[in-house]
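Enquirer: What follows is a protein structure lacking sequence information:
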């Protein structure tokens, strides 16, 4: 039996922690109703919410206009803002550029533990979106081979925590690995141009790299945390009814 690291234990407990951090996620979600979406007149207000390639539900909701449809009678305008990573979403939440943003569970936990004024309102999926990849002609075959190598990973995101857990499981001291803090797309580019030896990647960019010849040397669904939808405390205090509509749409 494999011994899970502290990070793995934290990741496994993130879903349970979310129930403490929020009231919205602790109860079964009702179906979207007219009453839920039209309690207060929000004419002239804007909901800033993110969409991200690592969050397919956000792409569907944005594409089909389901959130706009449910909020039509409230008068609130929906402004979609792209998040490039969990770290990017957290930064935009902290800066007030987003009212609601999607991240990996580990990133939400890290942000909250660092004092970011956010709360989780929805857990929207349990993915396998992170893995360790090497180039098409790499001689690296497993995680143990990463000792003394350079690996691209965006700090504060699920692939970064995935890498740390994988190194721990393999008995590799992270201090012996040089981690290049690169955005997900830049990590893929660095892998293929030879700037790094390996990459802790994120789908769908990771899947695209596979089609171009990248090899996955390590996968472990247990080292992936859940998809979290987070809202700023100020938004939740001012607009709890709108936050509920957002969670309802995600549930549907």
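Expert: Received it, and whenever you're ready, just let me know what you need. The model shown is predicted, which means the values in this text are computed figures rather than measured ones.

Enquirer: State the helix or strand in which residue 124 lies.
Expert: Residue 124 is part of strand 118-125 when elements are defined by DSSP states H and E.

Enquirer: Walking through this structure, point out its helices one by one.
Expert: 6-21, 34-37, 56-64, 66-71, 86-95, 105-113, 158-170, 184-193, 205-211, 233-238, 240-251 (DSSP state H).

Enquirer: Can you measure across stretch 108-124, start residue to end residue?
Expert: 13 Å (C-alpha to C-alpha, to the nearest Å).

Enquirer: now that stretch: how far from the chain's centre is it?
Expert: In terms of C-alpha atoms, centre = their mean, to the nearest Å, the centre of stretch 108-124 is found 11 Å from the chain centre.

Enquirer: can you count the residues close to residue 82?
Expert: Look at residue 82: counted by other C-beta atoms under 10 Å, it has 13 neighbours. Every residue, glycine included, has its C-beta placed from N, CA and C.

Enquirer: what's it in contact with, if anything?
Expert: Neighbouring residues of residue 82 by C-beta atoms under 8 Å, 6 or more residues apart in numbering: 50-52.

Enquirer: Compute the distance between it and residue 158, please.
Expert: Noted for residue 82: a distance of 18 Å to residue 158, by C-beta to C-beta, to the nearest Å.

Enquirer: Then residue 182?
Expert: Going from residue 182 to residue 158 by C-beta to C-beta gives 15 Å.

Enquirer: Ok, residue 48 next?
Expert: Distance from residue 48 to residue 158, by C-beta to C-beta: 23 Å.

Enquirer: Of the two, which one has the most company?
Expert: Here residue 48 and residue 158 are compared on neighbour count by other C-beta under 10 Å; more neighbours surround residue 158, at 28 against 19.

Enquirer: From what I see, that one and residue 85 are in contact.
Expert: No - assessed by C-beta atoms under 8 Å, residue 158 is found out of contact with residue 85, at 9.2 Å.

Enquirer: joint contacts of the two?
Expert: Shared contacts of residue 158 and residue 85, defined by C-beta under 8 Å, 6+ apart, are found at residue 202.

Enquirer: The residue nearest to residue 218 when sequence neighbours are not counted pairs with what?
Expert: Closest residue to residue 218 apart from its sequence neighbours, by C-beta to C-beta, 6 or more residues apart in numbering: residue 132 at 4.2 Å. For residue 132, the beta-bridge partners are residue 200, residue 218 (DSSP bridges).
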